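Chemist: the sequence and its predicted three-dimensional model are supplied below.
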Amino acid sequence: MTGIPSFTIGPTAPAARTCLQEWRAAVEMLFDVEPLGSAFEASISSYALGPILIGQSSASAQAFSRNEAVIQRSQIDHMMVQLYLRGGFTGQAEGTAIAVEPGDICCFDLAFGFETRAPDFANITMIVPKSALHPLANTDFFHGLVLRADDTANLLLASHMRELLKLCPTIDQNEIDAVAQVTTEIVRLCLRMPGRQRLAPDAREGSLVDRVKAYIGEHLSDPDLDASQICEVFGVSRPTLYRQFEPLGGVASVIRNWRLSNVFGDLERANGEPFHEIARRNGFANGAGCSRAFKGRYGLSPSAFRRLRFHAPPRKGQHDAAQSGLAQWLRALGKS
């Protein structure tokens, strides 16, 4: 019997920073991450079921961000469905506050952004193509949907996710298509059970967070962009702005991390462009300040990142999560 493709990383790295780098490389197509503590551990065990990915992961406390830069670099039109076995998170999706506890299932449409903050956690995650969930009504919108632990739809879907994960090591390649079809149908029916849809963005009034984030996205290259400018443009007080952005780590953090994510993408694509030009284009006053912020977030200086990205040949037997396994599968999903 020929088994299905699998991918695993675990907390076996010699240092927390190395483990964090592997974790970031593995999940870079889904979100940017930022640890919320000094120590860091993470593990993933995943399986590819044709167009569906399913896996169990656990990790130390961290903040997750799927912003416009991540959406553009991934180009994934899929649904992410997560069953939380331990821990949970708080955050927002399209301006709507969400909170998840152990046993809950949350859904994210990867065509949209979200920001969450999670303590130590363990979950089962499925990535399902939205095209496989048709027929769906035009008003169906599941981004940020939470199915509580005692909800009938949760009980049905959670049971399938747990059992499917157990079965994955024994599933033959000849069974993949049938298993994927059964799984997508269960997901579609559970999400569409009466009263569980959310309103699509064009059916609800834009929140202050949505409008401010849109403004930030349009003015990231302006080095003067800060809370004072935003308060003046939108006619709100600093306490109001800070309160609205507190679940995201603060408005200054949103601006800084969005800029750094863009810098990261530019460094991946442009080997010869001077770094100070990349920094200024993304709203940093100078290259030195951008370099310090970049190293603080990603654990490598921009020059070290470029050496690894463009010049350093992979060592024989080296495990590179960014070029194989989970990240590679996710890149393939974006092209399908």
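Modeler: Done, it's in.

Chemist: which residues of the chain fall in helices?
Modeler: For the chain, the helices defined by DSSP state H cover 16-27, 68-74, 152-167, 176-191, 208-218, 227-234, 238-245, 251-269, 275-281, 287-298, 302-306, 326-335.

Chemist: of all the ones you listed, which one is nearest residue 131?
Modeler: helix 176-191 (9.5 Å; C-beta to C-beta). The C-beta positions use only the backbone N, C-alpha and C, and glycine is treated the same way.

Chemist: which other helices and strands does the closest one contact?
Modeler: When contacts are defined as 3 or more C-beta pairs under 8 Å, 6 or more residues apart in numbering; DSSP states H and E, helix 176-191 sits against strand 42-49, strand 52-59, strand 121-129, helix 152-167.

Chemist: so where is the stretch 51-200 of the chain shaky, pLDDT-wise?
Modeler: For the stretch 51-200 of the chain, applying pLDDT under 70 flags the ranges 134-140, 194-200.

Chemist: tell me what the closest residue in space to residue 154 that isn't next to it in sequence is bridged to.
Modeler: Spatially, and ignoring its direct neighbours in sequence, residue 154 is nearest to residue 147 (3.9 Å; C-beta to C-beta, 6 or more residues apart in numbering). In this entry, residue 147 is beta-bridged to residue 105, by DSSP bridges.

Chemist: residue 147 reaches residue 187, doesn't it?
Modeler: No - under the criterion of C-beta atoms under 8 Å, residue 147 makes no contact with residue 187, lying 11.1 Å away.

Chemist: possible to save the helices of the chain as CSV with mean neighbour count and distance to residue 81?
Modeler: Shown next, in CSV, are the helices of the chain (neighbours: other C-beta atoms under 10 Å; distance: least, C-beta to C-beta, whole Å):
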stretch, mean neighbour count, distance to residue 81
helix 16-27, 20, 16
helix 68-74, 18, 17
helix 152-167, 16, 7
helix 176-191, 17, 6
helix 208-218, 17, 24
helix 227-234, 14, 34
helix 238-245, 15, 27
helix 251-269, 19, 24
helix 275-281, 18, 36
helix 287-298, 17, 28
helix 302-306, 17, 32
helix 326-335, 17, 14
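
Chemist: reformat those as CSV; add distance to residue 96.
Modeler: Putting the helices of the chain into CSV (distance: least, C-beta to C-beta, whole Å) gives the following:
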stretch, distance to residue 96
helix 16-27, 23
helix 68-74, 18
helix 152-167, 19
helix 176-191, 17
helix 208-218, 9
helix 227-234, 19
helix 238-245, 12
helix 251-269, 16
helix 275-281, 32
helix 287-298, 26
helix 302-306, 35
helix 326-335, 25
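
Chemist: of all those, which lies closest to residue 4?
Modeler: Using C-beta to C-beta, the nearest of the helices of the chain to residue 4 is helix 176-191, at 6.1 Å.
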